[in-house]
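In: Below is the structure, and that's it, no one-letter string:
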C-alpha cells in the first residue's frame, strides 16, 4: 500500500500544464530537512512544486509521459493526483532511512519512511477519510507522544512467509567455452519474491505541517522520538555542502547519503526476509566506503534537458585516484555522427584502480586471476605488462557508421580506437606478437600485410582471404589508431570528413559539462536509434512500436564526464531532450 501511495504522490509530473493552482491554507513549513535527524543514513528530497514539473512539459519526452500517465495512473492506482493529492500537497517530500537506535538487525519496513509537507490540513484529512473508506484492510488509530497514528494491517500473503528468494542462472549457451572456463561460478540473478512488495501494511502520522508515511509505525515513532531542538539534517555540515550548490533550490531531486552509516544499515538489512532482492555483503569493499564522508546528488532542469551531478567527498584529501585531465586533443580525429564515444586518459592506471577495488572481493580476485591467465594462454602476452602497460596517454574508443571492414557487411558499423603512449617500441612489439599469436591460433588462415602511403600513412592489417579484419597505423610518434579493417580505417584518415569536435549535437551535449575533466562518455541517440532500427526494419516499423519510437526518439543524446580532485570525485550527466511538438 505504501508503494501505491507514494507512486501516486510522485505522479506530480502527470499534472496538466493548464491545471489551476490551489490556495494555500497553511504557512509554508520550514525546509523538510529540519525535521529529519542529523545522522540520517540516506535521504532523497523531492521538489513537489507543481510549477517545476509543469516546466518539463516543454520537452517532448515529458509531454509524452504526462499524456500517457494522465490516462493510465488514476485507473491503475485508484487515486487521482489533481483531486486527491494536489489540494493538500506542500512543496517538498523526503524519502529517508531512519538511523539505527539499537545495535541489532533491522528490517526494511522498520527503517524507511516518507515525509511530506502539507499546505492544507483539512484537505489532507478529507483525503485520508476517502482513502480509509476505500481500504479493505483493518485500520487502527492510536496516539503516540500526542500524535495521531493510523495503521493498516498487512494482508495475508498468498505464499508462505518462508518462500526463499528465487534466482535465475545467467544463460551461457552463447558464450565462448574459453570464457566460461575462466569464470567457474557465474552469478545467479536474484528475482523478487512474489509477496515481497504486495500485501504490505501502512502507517501514517498526522503532524501540523507534515504527514509521515511508512509500512509500519516503528520508523515513525523513531522519528517522533527525536528530542525537540536536537540536531537536524539541515545543520549537518556535510549536508550544508549540498545547500551551497547553485542549483540546490531549483533541483527536482536532492540525494544525501552518509556512506558509513548507510553501510552499517545495509549490513543490518541483509538478513531481512522481506527484502525484494537478497543482499550480497561479500561484494562490498568496506575499506573503500570508509574513505568517504558523504555522497550527494542533484537533478535539475536546464535549457538542453535534464542535468545530473553526483559528488563523493573524501574524509581526507588523497591523490591516489587523481589522473591527469583529458585535453580533448583526440576529438578532432573522431567522426561525426558517431554512435557512441568514450574518451579519457591512462587506461593502464584506470585498470589498476579497478583491479584494486575488485581484488578486495575473493571471488572477483579469482576471476581476475583466471582472466589474466586466459589472456596469457591465448596470446602469450601479459595483460598488465604487454597489453595495457604502455597505454598511458589519452584514448578514445568509438563506434561509427561505415560500410567497410570486419563488422560492416551486416551491421554497417566500425569500431575505432585511438591511444597515446610514451612507449611506442613496447606498443609495436605487442602488436607484432599479437599478430603472430593470432596466426598460430588460426592455423595460418590469417595473414598480416603492410599497405604503404595510404593518405600518407603506412597501415598494417590482418586479413583472412580478401577480408581485412583489423588495421592499425601511427598518426604521429605517440598516437596509435586501431580499427576494424583497412576500409574502415581509411575513412578516418587523415581526418574524418565530419569531425565530432565540430558537431552541433556533441557540442550541445558537452559544452555545459565541467572542463577540464577525465574525458567524456557520449551517445548520439539519433544515429544510434537509426542503426538499431536498421537491424530489424520489419519489427520496428510495426505500428505497435511507433509510440515507443516517438518517446525514445525525443532523447537526442546522453553525455557524462568525471572530475576528480584530492577532495572529491564528481560525476556529471546531461540528457539532451527535443522540444515538445506544437
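Out: Received the coordinates, thanks. Note that this is a predicted model, so its numbers are computed, not measured. Numbering: from 1, shown residues only.

In: Can you pull the domain assignment for the chain?
Out: Each domain of the chain is listed here as a residue range: 2-157+196-302, 347-498, per automatic domain parsing.

In: Format those as JSON lines; extra columns: distance to residue 526, mean pLDDT and mean neighbour count.
Out: Every C-beta, even on glycine, is put in place using the N, C-alpha and C of the backbone. JSON lines is the format used below for the domains of the chain (distance: least, C-beta to C-beta, whole Å; pLDDT from 0 to 100; neighbours: other C-beta atoms under 10 Å):
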{"stretch": "domain 2-157+196-302", "distance to residue 526": "13", "mean pLDDT": "82", "mean neighbour count": "17"}
{"stretch": "domain 347-498", "distance to residue 526": "12", "mean pLDDT": "91", "mean neighbour count": "17"}
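
In: Looking at the ones you listed, which is nearest to residue 555?
Out: For residue 555, the closest of those is domain 2-157+196-302, at 6.2 Å, according to C-beta to C-beta.

In: mind putting the domains of the chain in CSV, distance to residue 561 included?
Out: As requested, those are arranged in CSV below (distance: least, C-beta to C-beta, whole Å):
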stretch, distance to residue 561
domain 2-157+196-302, 15
domain 347-498, 14
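
In: Show me where the stretch 151-300 of the chain has its helices.
Out: In the stretch 151-300 of the chain, the helices defined using DSSP state H, counting those that start in this stretch lie at 177-182, 218-224, 237-243, 259-269, 286-289.

In: Give me the helices and strands touching the third one, please.
Out: Identification of packing neighbours for helix 237-243 by 3 or more C-beta pairs under 8 Å, 6 or more residues apart in numbering; DSSP states H and E yields strand 253-257, strand 292-302, strand 305-314.

In: Now do the first one against helix 259-269, angle only.
Out: For strand 253-257 and helix 259-269, the angle between their directions (axes from the mean of the first three to the mean of the last three C-alpha atoms, to 10 degrees) works out to 80 degrees.

In: quick one: the strands in the stretch 351-500 of the chain?
Out: Remark: strands assigned in the stretch 351-500 of the chain by DSSP state E, counting those that start in this stretch are 394-401, 413-420, 446-454, 457-464, 467-474, 479-483.

In: Can you tell me what sits against stretch 245-264?
Out: The contact list for stretch 245-264, computed with C-beta atoms under 8 Å, 6 or more residues apart in numbering, reads 39-47, 52-53, 97, 99-100, 233, 238-239, 242, 284, 286, 289-290, 292-301, 307, 309-310.

In: Check the separation of the first and last residues in that stretch.
Out: 28 Å (C-alpha to C-alpha, to the nearest Å).

In: Then stretch 543-559?
Out: 30 Å.

In: Stretch 200-212 now?
Out: End-to-end for stretch 200-212, by C-alpha to C-alpha: 16 Å.

In: Pipe the helices and strands packed on helix 237-243 into TSV and attach distance to residue 247 per row.
Out: Shown next, in TSV, are the helices and strands packed on helix 237-243 (distance: least, C-beta to C-beta, whole Å):
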stretch	distance to residue 247
strand 253-257	9
strand 292-302	5
strand 305-314	8
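
In: and residue 522, which of the ones you listed is closest to it?
Out: Closest to residue 522 of those, according to C-beta to C-beta: strand 305-314, at 13.9 Å.

In: how far does the closest one sit from the chain's center?
Out: 11 Å (C-alpha atoms, centre = their mean, to the nearest Å).

In: quick one on the thing from earlier: which one of the domains of the chain lies closest to residue 543?
Out: Closest to residue 543 of these is domain 2-157+196-302 (C-beta to C-beta; 16.6 Å).

In: that older thread, what's the closest of the helices and strands packed on helix 237-243 to residue 404?
Out: Closest of the helices and strands packed on helix 237-243 to residue 404 is strand 305-314, at 34.4 Å (criterion: C-beta to C-beta).

In: what does stretch 386-394 rub up against?
Out: Stretch 386-394 has contacts (C-beta under 8 Å, 6+ apart) with 326-327, 329-330, 343-349, 351, 375, 379, 381, 418-424, 426-427, 429-430, 433, 478-479, 519.

In: mind checking the end-to-end distance for that stretch?
Out: Span of stretch 386-394 from end to end, C-alpha to C-alpha: 18 Å.

In: sorry, back to before: quick one, which of the helices of the stretch 151-300 of the chain gets closest to residue 367.
Out: Ranking those by their distance to residue 367 (criterion: C-beta to C-beta) puts helix 177-182 first, at 7.3 Å.

In: re the thing from before, any idea which of the helices of the stretch 151-300 of the chain gets closest to residue 66?
Out: Nearest of these to residue 66, taken as C-beta to C-beta: helix 237-243 at 28.3 Å.

In: Quick check: which of the helices and strands packed on helix 237-243 is nearest to residue 60?
Out: Going by C-beta to C-beta, the one of the helices and strands packed on helix 237-243 nearest residue 60 is strand 305-314, 10.5 Å.

In: Buried residues of that closest one, list them for me.
Out: For strand 305-314, a neighbour-count test (16 or more other C-beta atoms under 10 Å) marks 305, 306, 307, 309, 310, 311, 312, 313, 314 as buried.

In: Look up how far residue 39 lies from residue 145.
Out: For residue 145, the distance to residue 39 equals 20 Å [C-beta to C-beta, to the nearest Å].

In: right, I mislabeled it, should have said residue 457
Out: Distance from residue 457 to residue 39, counting by C-beta to C-beta: 61 Å.

In: again with residue 129
Out: Distance from residue 129 to residue 39, by C-beta to C-beta: 36 Å.

In: next one: residue 309
Out: 24 Å.

In: now stretch 545-563, how far from the chain's geometric center?
Out: The chain centre lies 14 Å from the centre of stretch 545-563; the measure is C-alpha atoms, centre = their mean.

In: Buried residues, that stretch. List them.
Out: 553, 554, 555, 556, 557, 558, 559, 560, 561, 562, 563.

In: any idea which of the residues you listed is closest to residue 485?
Out: Comparing those against residue 485 with C-beta to C-beta picks out residue 557 as the nearest, at 27.5 Å.

In: Now the closest one. Its backbone dihedrals?
Out: Main-chain torsions, residue 557, degrees, to the nearest 10: phi -170, psi 160.

In: pLDDT score assigned to it?
Out: Predicted confidence (pLDDT) for residue 557: 97.

In: right, and it touches residue 524 too?
Out: Yes. Counting by C-beta atoms under 8 Å, residue 557 sits close enough to residue 524 to count as a contact (5.6 Å).

In: Give me the common contacts of these two.
Out: Taking C-beta under 8 Å, 6+ apart as the criterion, residue 557 and residue 524 both touch 505, 506.

In: before we move on, the earlier item: reformat the buried residues of stretch 545-563 as CSV; add distance to residue 465.
Out: Below are these laid out as CSV (distance: C-beta to C-beta, whole Å):
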residue, distance to residue 465
553, 40
554, 45
555, 41
556, 41
557, 39
558, 39
559, 40
560, 41
561, 42
562, 43
563, 48
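
In: mind listing which of those are in strands?
Out: Secondary structure from DSSP state E places 555, 556, 557, 558, 559, 560, 561, 562, 563 of those in strands.

In: For the residue lying closest to the last one once chain neighbours are set aside, the count of nearby residues, please.
Out: Same thing as residue 563. Once flanking residues are discounted, residue 563 sits nearest to residue 570: 4.4 Å by C-beta to C-beta, 6 or more residues apart in numbering. The tally of other residues near residue 570 (other C-beta atoms under 10 Å) stands at 18.

In: host element of residue 570?
Out: strand 568-577 (DSSP states H and E).

In: Paired strands for that strand, with orientation please.
Out: Using DSSP bridges, the strands paired with strand 568-577 are strand 305-314 (antiparallel), strand 555-564 (antiparallel).

In: Same list (these) but as a markdown table, adding distance to residue 387.
Out: Formatted as a markdown table, the strands paired with strand 568-577 follow (distance: least, C-beta to C-beta, whole Å):
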| stretch | distance to residue 387 |
| --- | --- |
| strand 305-314 | 30 |
| strand 555-564 | 24 |
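
In: Please name whichever of those strands is nearest to residue 575.
Out: Per C-beta to C-beta, nearest to residue 575 of the strands paired with strand 568-577: strand 305-314, 4.5 Å.
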